[in-house]
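Participant: Whatever this is, show me its structure:
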Amino acid sequence: MTHEHVPFRLSGNLFATFLVIGVVVPFLPVWLKGRGLGAEQIGLIFAAALWAKIPAGLLVTYFADRWGHRKRLLIVVAATTLVGFLAFPYLRGFTAILVGWLVVGALLTTMIPLADCLAVTAIRKLGVDYGRIRLWGSVSFIFASVAGGYFLQGRDSEAVMSLLIGGSAIMALSTIFLPDLKELPRATARPSLFDLTQAPGFVVFVISASILQASHAALYGFATLQWTSAGIGKTTIGLLWAEGVIFEIVLFAYSARLVRRLGVEGLLLVAGVAGMVRWTVLGSTDWVPALVMVQALHALTFAGTLVAAIAYIAE
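Facilitator: Numbers count the residues shown, from 1 in each chain. Presented below is the predicted three-dimensional model:
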């Protein structure tokens, strides 16, 4: 495999992974509701999977460090996720679905950090541009959300699972074509986190980037509800969400230049200032022109923080 194919294969895997995520986020609740679950049960299912992904992510990445074969681990995780989605149509009742999504949801969320591990290796060894790879995940998310909406219109909620099974099959297939960029296995069983905490500035950087990313939780959870209660139409709300992702894609495309010009710390600082402006405005007004202006800052608050974090890890 030639080096020029590495970015293409990494981008293809992210595109395939976000085909699944782009259906899960907007449409899995529709399937759950169609199975007779109430709002509280649906919320509990998603919340439980969010908590489960923390130990699952730590465990999977621990084995990735110990083994060194990240591609093989991605194949196993993707194949297990596909099998899980194939089992979902046969799950009945709240408890069975909760357990199923605890496993499948937690595994699905480990796909991206594992792929990012490969990307960091490619950055170090081959000098690839992470932003140009990651933007295809955002493109895929928009495509899956829009195309999925058109596909599901007029269909039974069970059709959601058809999309998830198809998407996870494509995701599993894409892992086979990933570059086999190996890292030497760690010589010690001690988790690498203990070594990283001794690195100068690491803890401060992680806390800063984490707070910036966590600040989006209020936006994801309540923005649509707030804008709806303010009388903003659904089409406008959809365009506001799409605007943020479009500007995110633009930043990913030019992220390498930003890192060279601002540096990792500088980009994180700019993202933090953008967050202060964005959240202040969103928390103060529902005036649509103001919302349009600050939604463009999603490029910095989300994508800028992510790019800075990946660049920091690569360094």
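Participant: what's the weakest-modelled helix or strand in this protein?
Facilitator: helix 192-196 (a mean of 66; mean pLDDT, DSSP states H and E).
Participant: now what about the very next helix or strand once past that one, what contacts it?
Facilitator: Later in the chain than helix 192-196, the nearest helix or strand by DSSP states H and E is helix 202-214. If you take CB atoms under 8 Å, 6 or more residues apart in numbering as the criterion, helix 202-214 is touched by 196-197, 268, 271-272, 275, 301-302, 305-306, 308-309, 312. The way it works is simple: take the backbone N, C-alpha and C, and place the C-beta from them, glycine included.
Participant: One more pass at 6 Å, please.
Facilitator: Surrounding helix 202-214, the residues in contact under the criterion CB atoms under 6 Å, 6 or more residues apart in numbering are L196, T197, A271, G275, T305, A309, Y312.
Participant: pLDDT on it, on average?
Facilitator: Per-residue pLDDT over helix 202-214 has a mean of 90.
Participant: Check the offset of it from the chain's centre.
Facilitator: Mean-position distance between helix 202-214 and its chain equals 17 Å (CA atoms, centre = their mean, to the nearest Å).
Participant: I170: neighbour count?
Facilitator: A count of nearby residues for I170, using other CB atoms under 10 Å, gives 17.
Participant: Go ahead and confirm A172 touches L82.
Facilitator: Yes - counting by CB atoms under 6 Å, A172 does reach L82; the two are 4.8 Å apart.
Participant: In which helix or strand does S145 reside?
Facilitator: In the assignment (DSSP H and E), S145 maps to helix 130-152.
Participant: quick one: that helix to chain centroid distance?
Facilitator: So, by CA atoms, centre = their mean, the centroid of helix 130-152 is 11 Å from its chain's centroid.
Participant: just stretch 156-175 next, same as before
Facilitator: Relative to its chain's centre, stretch 156-175 lies at 17 Å (CA atoms, centre = their mean).
Participant: quick one: contacts of it?
Facilitator: Residues outside stretch 156-175 that contact it (CB under 6 Å, 6+ apart) are 12-13, 16-17, 19-20, 23, 27, 30-31, 34, 74-75, 78-79, 81-82, 85, 88-89, 148, 152.
Participant: The longest helix that the chain contains vs helix 130-152, what angle?
Facilitator: Longest helix of the chain, by residue count under DSSP state H: helix 94-126. Counting by axes from the mean of the first three to the mean of the last three CA atoms, to 10 degrees, helix 94-126 lies at 150 degrees to helix 130-152.
Participant: Give me the helices and strands touching helix 94-126, please.
Facilitator: Identification of packing neighbours for helix 94-126 by 3 or more CB pairs under 6 Å, 6 or more residues apart in numbering; DSSP states H and E yields helix 5-34, helix 39-67, helix 70-87, helix 130-152, helix 305-314.
Participant: surely P7 meets V128?
Facilitator: Yes - the pair P7 / V128 is scored as a contact, 5.0 Å apart, by CB under 6 Å.
Participant: Just give me the residue right at the centre of the chain.
Facilitator: I112 (6.3 Å; CA atoms, centre = their mean).
Participant: out of everything not next to it in sequence, what's closest to that one?
Facilitator: In space, I112 comes closest to T17 once its chain neighbours are excluded; the distance is 6.4 Å by CB to CB, 6 or more residues apart in numbering.
Participant: quick one: the one you found and T110 touch, right?
Facilitator: No - using CB under 6 Å, T17 makes no contact with T110, being 10.5 Å away.
Participant: Quick check: the gap between Q226 and E243.
Facilitator: Here Q226 is placed at a distance of 17 Å from E243 (CB to CB, to the nearest Å).
Participant: Who are the packing partners of the strand or helix carrying L225?
Facilitator: If you go by DSSP H and E, L225 is part of helix 217-229. Applying 3+ CB pairs under 6 Å, 6+ apart, we find helix 217-229 packed against no helix or strand.
Participant: Residues contacting it, please?
Facilitator: Under the criterion CB under 6 Å, 6+ apart, residues I237 lie in contact with helix 217-229.
Participant: Show me what counts as buried in the next helix or strand after it.
Facilitator: Next helix or strand after helix 217-229 toward the C-terminus (DSSP H and E): helix 234-253. Buried residues in helix 234-253, counted by 16 or more other CB atoms under 10 Å: 237, 240-241, 243-252.
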